[in-house]
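1. below is the sequence, then the predicted model.
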Amino acid sequence: MDLTTYADLAVRLVNTADPTRPELEELGDLEALREFLRNRPHLRPRVTRQDLDGMRALRNELREVFEAVERGDDDAAIDRLNALLVQHPVHPQISGHDGQRWHMHLTESGSVTDQYAAQAAMGLAILITTLGIDRLGVCQASPCREAFLDTSTNRSRRYCSERCASRANVAAYRARQREATRQPVQPCSGQ
């Protein structure tokens with residue numbers, strides 16, 4: 001069982017919406033939710049309108065976990081995550097499907113939202129308790145607000161992608177260049 005994969009479920013769901021740009025909603029209808037669940041084929045056929053609403057609510061809860069970490073409010077992040085773990089209990093189960101060997105799944109019961117939530121919350125909980133809460137991040141490239149997991153060895157990741165890192169570096173370089181052109185040239189004292 002790869003718990004980073006389970007933690008990545010939280011990141012994928014959080015990143016289906018940008019709170020600053022609601023027009024970019026990626027879970028607009030049931031078909032969009034089914035497409036989102038393409039890597040979880042056992043969940044796709046069971047999707048209902050209630051699951052769509054539930055997944056959107058779950059997304060907001062998970063975003064609050066990431067944003068609390070960003071604000072440095074680790075206690076709030078843990079409280080939210082613990083509430084999700086209580087609301088969506090984990091049921092470990094041995095599974096063999098799609099030609100794969102026997103392996104562990106964290107749940108196979110409840111609604112689509114319950115199953116997704118249990119897996120995502122447990123993945124984040126294991127990641128936090130194993131690697132540290134500072135492994136959860138929100139992209140620092142303005143205006144991006146994508147969540148990410150920092151799996152770097154030195155815990156230095158600040159951006160969700162190379163694209164955002166590059167964009168932020170170019171913006172910083174241009175800002176330094178503008179500032180340098182605004183600085184008055186100091187006259188030489190001639191001595």
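-> Received, thanks.
2. and residue 61, what's its pLDDT?
-> We note a pLDDT of 97 for residue 61 in this prediction.
3. if you could redo that for residue 128, that was the one I meant.
-> 95.
4. partners of the lowest-mean-pLDDT helix or strand in the chain, with directions?
-> One helix or strand of the chain scores below all others by mean pLDDT, DSSP states H and E: strand 103-105, with a mean of 78. Sheet partners assigned to strand 103-105 using DSSP bridges are listed as strand 93-95 (antiparallel).
5. list the buried residues of the strand it pairs with.
-> Buried residues in strand 93-95, counting neighbours by 16 or more other C-beta atoms under 10 Å, are absent. All C-beta spots, glycine's among them, are computed from the backbone N, C-alpha and C.
6. ok now that strand, how far from the chain's centre?
-> 26 Å (C-alpha atoms, centre = their mean, to the nearest Å).
7. what do you get for stretch 91-106?
-> 24 Å.
8. same question for stretch 88-100.
-> 23 Å.
9. what residues of the next helix or strand after the least confident helix or strand of the chain count as buried?
-> As assigned by DSSP states H and E, the chain's next helix or strand after strand 103-105 is helix 112-131. Residues of helix 112-131 classed as buried by neighbour count (16+ other C-beta under 10 Å): 112-128, 131.
10. one more: stretch 86-100?
-> 88, 90.
11. residues touching it, excluding its own?
-> 41-42, 102-110, 113-114, 117-118, 121-122 (C-beta atoms under 8 Å, 6 or more residues apart in numbering).
12. so what's residue 139 closest to, chain neighbours aside?
-> Among residues not flanking residue 139 along the chain, residue 160 sits closest, at 4.0 Å (C-beta to C-beta, 6 or more residues apart in numbering).
13. wait, is that neighbour part of a helix?
-> No - assigned with DSSP: H, G, I helix; E, B strand; the rest coil, residue 160 falls outside any helix and is coil.
14. now it. Its backbone dihedrals?
-> Phi and psi for residue 160, reported as degrees, to the nearest 10, are phi -80, psi -20.
15. okay, now the unreliable bits of this protein?
-> For the chain, the stretches with pLDDT under 70 are 1-3, 107-108, 183-191.
16. for it, just list every one of the helices.
-> With helices called from DSSP state H, the chain shows them at 3-14, 30-36, 49-71, 74-87, 112-131, 162-182.
17. need those in a markdown table (columns: distance to residue 22).
-> A markdown table is the format used below for the helices of the chain (distance: least, C-beta to C-beta, whole Å):
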| stretch | distance to residue 22 |
| --- | --- |
| helix 3-14 | 15 |
| helix 30-36 | 15 |
| helix 49-71 | 11 |
| helix 74-87 | 22 |
| helix 112-131 | 21 |
| helix 162-182 | 20 |
